[in-house]
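> whatever this is, show me its structure:
(one chain, ligands or ions: 2)
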Amino acid sequence: MSILSVGILLKSYDVFISNISADLLNSSNSFQGSNDLSYRGFNQITTPNLDAMGYNGIILNRHYTEAICTPSRAALLTGQYPIRIAMQGEPLKAGEDRHLPSDVQTLPQLLKELGYDTYLVGKWHLGQARRDDTPTRKGFDYHYGYWNGYVGYFDHEIPSPISPSITYNGYDMKENFKDAWMDKGKYATHLFTEKALDVIDQQNIDTPMFLMITHLAPHTGKDGLVEGYDEQEMNNTYSYVEDLQRRRYLDAVRHLDHSVGKIVEKLQQRNMLQNSVVVFMADNGAQINGRFKNAGSNFPLRGEKYSHHEGGIRNAAVLYSPLLEKKNYVHDELMHITDWFPTLYSLAGGNVATLNRIDGVDQWPSLSQNMKSRRKNMLINIDEARLYSGIIGYAGRYKLLNGTVQSGFYDTFSPEPTSLEQMDYDVAAILNSPVNKAIEESKYNPVILDEKLITGLRKYSSALRHFPKCTNKPENPEICNKYCLFDLWIDPCETENLINDRSKAKIVSTLKTRLQTFWRQVSPQANKIRGCQFQSSKI
Ligand SMILES: *[C@@H]1O[C@H](CO)[C@@H](O)[C@H](O)[C@H]1NC(C)=O
Ligand SMILES: *[C@@H]1O[C@H](CO)[C@@H](O)[C@H](O)[C@H]1NC(C)=O
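Ligands and ions are numbered 1, 2, ... in the order given. Below you'll find the model as predicted:
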């Protein structure tokens, strides 16, 4: 597509902000699909910077990720469905020997070939048993952060299992291969923000860069706890929220939102925003049950992290770039996390036709011009160890599920967060947010945000809440032990299984055939026994 080929490549910056440990997605106001961002229609949380990013750019309404973090990150960085590289299973445990295959090219490796400097700040979670498995051997010039799935918000420790009954805590905060002991005690969100700002400050403005920021927040940290920064302040800010865990969650999200504000502001200060693509996304739905539940919400969707229902995979994502031809809209086209690989690669000047073995589709034409997506189907995932799989077809309309995980434990509806409507949506906070100010100042947006535009976009992006099938949900929806078919256009909350509907027989058989084809392509998970053996009954 046009703009980057106009010779500004050498001065272009792809900044990729990903909230990848987020579990952020589903609960809040208007922006995060069904997660806790205020653009999604709830007033309890305000995420003014993220909201401003989406309103000024694009709100991705049908952005799908994998249902858990390791597979999502693998899909993002390789452009392939995780089943092709044996990364479709459980999140990696501390000390476990699973990793990205050595013959697979990662996005940062390819961007380096195009002259990019590449940085990762935050979580990795794609292997660490050998040095060769870690970020700086997988395409990143620099990494500051942790290798495992989570750490404590302040102490940066992760419990590592020795046996089912004994664990010890190890420190996991590193600058490349060096333990960053001097940063022990610093709130993770602030620490990563500081490092990301340093990276941007020190970047040679004539060299393009790829910066991926993968926050801990609002994933649970050590001991299954999301931690806010300052409990006193947090108690004051969220005095209207009864549940202490929920308050901590909201506070973690608030600091995350500030982080995005600071980063976009810095890009503008350095005159880099004009050639940047800034993406924010969650890597899976909020976990609302089990040991690592984080007090997030996927309301009104069904399911959560681990589930192949929408609440696990249809996650919050927003995109801002001055290079978009159309902005200020909600993108309703099917998009999968693997699509960023060819999309960013081609924006950076790469030729997507030369990439082999990728499942992603270049979505830039669809995004930039609000056109139909070239993607018509999407494998959700296949877990051949726990026997559950799913696929979406027919341009995003129909979903076929084949089995579920842990007997449907993760397939419930998120309760509607309480006390949401007590407050007004704070439009002024969005207009005054650092992101909105930076974008205004850059003068690259012909449309200036105002209350009317914000209200309209927000109404649209939170429309799911008002779908008849979503407002009138069954108490105990049928668990999908075998096959289920859902019409996502009419029933995004997956309340009605259409598998026995005669008029849908052709659709069912087509989707089954496609899913079967993927089953034959599965590269079996390594370590599936070991990966699971230390975990308590509910993950
Ligand atoms: C915050 O509120 C909780 C009760 O919800 C209380 O237990 C805790 O001590 C408070 N923290 C501070 C620092 O005030
Ligand atoms: C459904 O899952 C089972 C395993 O539980 C698998 O053997 C079968 O091939 C799958 N069906 C399709 C259509 O993919």
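> A strand includes residue 390, no?
Yes: using DSSP: H, G, I helix; E, B strand; the rest coil, the assignment for residue 390 is a strand.
> how many residues are close by it?
27 (other C-beta atoms under 10 Å). Where C-beta positions appear, they are placed from N, C-alpha and C, glycine not excepted.
> and it, what does it touch?
308, 379, 380, 381, 399, 400, 401, 402, 515 (C-beta atoms under 8 Å, 6 or more residues apart in numbering).
> show me where the stretch 1-150 of the chain has helices.
48-56, 69-78, 107-113 (DSSP state H, counting those that start in this stretch).
> which residues does stretch 127-143 contact?
77, 92, 95-100, 102, 106-112, 117-121, 124, 126, 145, 147-148, 174-177, 199, 212.
> try 6 Å
With C-beta atoms under 6 Å, 6 or more residues apart in numbering as the test, stretch 127-143 has contacts from 97-99, 106, 108-109, 117-120, 124, 147, 176.
> mind listing the strands for the stretch 151-300 of the chain?
157-161, 167-171, 174-175, 178-179, 209-214, 276-281 (DSSP state E, counting those that start in this stretch).
> swap that for the stretch 1-150 of the chain, sorry
Under DSSP E, counting those that start in this stretch, the stretch 1-150 of the chain gives strands at 13-18, 58-60, 63-64, 117-123, 142-146.
> kindly reformat those strands as a markdown table containing distance to residue 232 and mean neighbour count.
Converted to a markdown table, those look like this (distance: least, C-beta to C-beta, whole Å; neighbours: other C-beta atoms under 10 Å):
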| stretch | distance to residue 232 | mean neighbour count |
| --- | --- | --- |
| strand 13-18 | 29 | 25 |
| strand 58-60 | 34 | 28 |
| strand 63-64 | 36 | 27 |
| strand 117-123 | 27 | 25 |
| strand 142-146 | 27 | 23 |
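> looking at the ones you listed, which is closest to residue 461?
Closest to residue 461 of these, according to C-beta to C-beta: strand 58-60, at 4.8 Å.
> so how far is ligand 1 from the closest residue to residue 309 other than its chain neighbours?
Excluding the flanking residues, the one nearest residue 309 by C-beta to C-beta, 6 or more residues apart in numbering is residue 303, at 2.8 Å. Noted for residue 303: a distance of 29 Å to ligand 1, by C-beta to the nearest ligand atom, to the nearest Å.
> give the contact list for residue 303.
Contacts of residue 303 by C-beta under 6 Å, 6+ apart are 309, 311, 312, 411.
> quick one, phi psi at it?
Per-residue torsions, residue 303: phi 90, psi 170 (degrees, to the nearest 10).
> and the residue of the stretch 201-350 of the chain closest to ligand 2?
residue 308 (12.1 Å; C-beta to the nearest ligand atom).
> the residue nearest to residue 338 when sequence neighbours are not counted - how many residues pack around it?
Residue nearest to residue 338 in three dimensions, not counting chain neighbours: residue 360, with 3.7 Å by C-beta to C-beta, 6+ apart. By the other C-beta under 10 Å criterion, the neighbourhood of residue 360 contains 26 residues.
> now the strands for the stretch 351-500 of the chain?
All strands of the stretch 351-500 of the chain, identified by DSSP E, counting those that start in this stretch, fall at 378-383, 388-393, 398-402, 483-487.
> show me what from this structure comes close to ligand 2.
387, 389, 402, 403, 512, 515, 516, 519 (C-beta under 6 Å from any ligand atom).
> could I get the strands of the stretch 351-500 of the chain as a markdown table with mean pLDDT?
Listed next are the strands of the stretch 351-500 of the chain as a markdown table, based on pLDDT from 0 to 100:
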| stretch | mean pLDDT |
| --- | --- |
| strand 378-383 | 98 |
| strand 388-393 | 98 |
| strand 398-402 | 98 |
| strand 483-487 | 98 |
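> ok, whichever residue of the stretch 51-200 of the chain sits closest to ligand 2 to ligand 1 distance?
The nearest approach of the stretch 51-200 of the chain to ligand 2 comes at residue 83, 11.8 Å away (C-beta to the nearest ligand atom). As for residue 83, its distance to ligand 1 is 44 Å (criterion: C-beta to the nearest ligand atom).
> separation between that residue and residue 75?
In this view, residue 83 and residue 75 are 10 Å apart by C-beta to C-beta, to the nearest Å.
> neighbour count winner among those two?
Each of residue 83 and residue 75 has its neighbours counted (other C-beta under 10 Å); residue 75 has more, 30 against 25.
> follow-up on the earlier one: which one of the contacts of residue 303 is nearest residue 188?
Closest approach to residue 188 among the contacts of residue 303 (C-beta to C-beta): residue 312, at 24.2 Å.
> what secondary structure does the closest one sit in?
Once three-state DSSP is applied, residue 312 turns out helix.
> verify the stated contact: it with residue 67.
Yes: the pair residue 312 / residue 67 is scored as a contact, 4.0 Å apart, by C-beta atoms under 6 Å.
> so for these two, which residue has more residues nearby?
residue 312 (31 against 28).
> list the contacts of the more buried one.
Residue 312 neighbours (C-beta under 6 Å, 6+ apart): 67, 285, 303, 304, 305.
> for it, give me the pLDDT.
At residue 312, the model reports a pLDDT of 94.
> again with residue 3
Per-residue confidence (pLDDT) for residue 3: 24.
> about what we covered before: buried subset of the contacts of residue 390?
Among the contacts of residue 390, the ones that count as buried by 16 or more other C-beta atoms under 10 Å are 308, 379, 380, 381, 399, 400, 401, 402, 515.
> please tell me how far the closest residue to the third one other than its chain neighbours sits from residue 313.
Nearest residue to residue 380 in three dimensions, chain neighbours excluded: residue 390, at 3.7 Å (C-beta to C-beta, 6+ apart). In this view, residue 390 and residue 313 are 9 Å apart by C-beta to C-beta.
> by mean pLDDT, flag the weakest helix or strand of this structure.
strand 13-18 (a mean of 36; mean pLDDT, DSSP states H and E).
> helices along the stretch 401-539 of the chain, start to end?
427-431, 434-442, 451-461, 468-471, 505-519, 528-533.
> up against ligand 1, what does this protein have?
231, 232, 235, 244.
> and those residues, which two are furthest apart?
Most distant of those, by C-beta to C-beta, are 232 and 244, 12.9 Å apart.
> so which of the two has more stuff around it?
Ranked by neighbour count (other C-beta under 10 Å), residue 232 and residue 244 place residue 244 first, with 14 against 8.
> per-residue confidence at the more buried one?
For residue 244, pLDDT reads 91.
> please apply the same query to the one 3 residues further on.
The model reports residue 247 with a pLDDT of 89.
> with adjacent residues omitted, what lies nearest to it?
residue 238 is the one closest to residue 247 (C-beta to C-beta, 6+ apart), at 4.3 Å.
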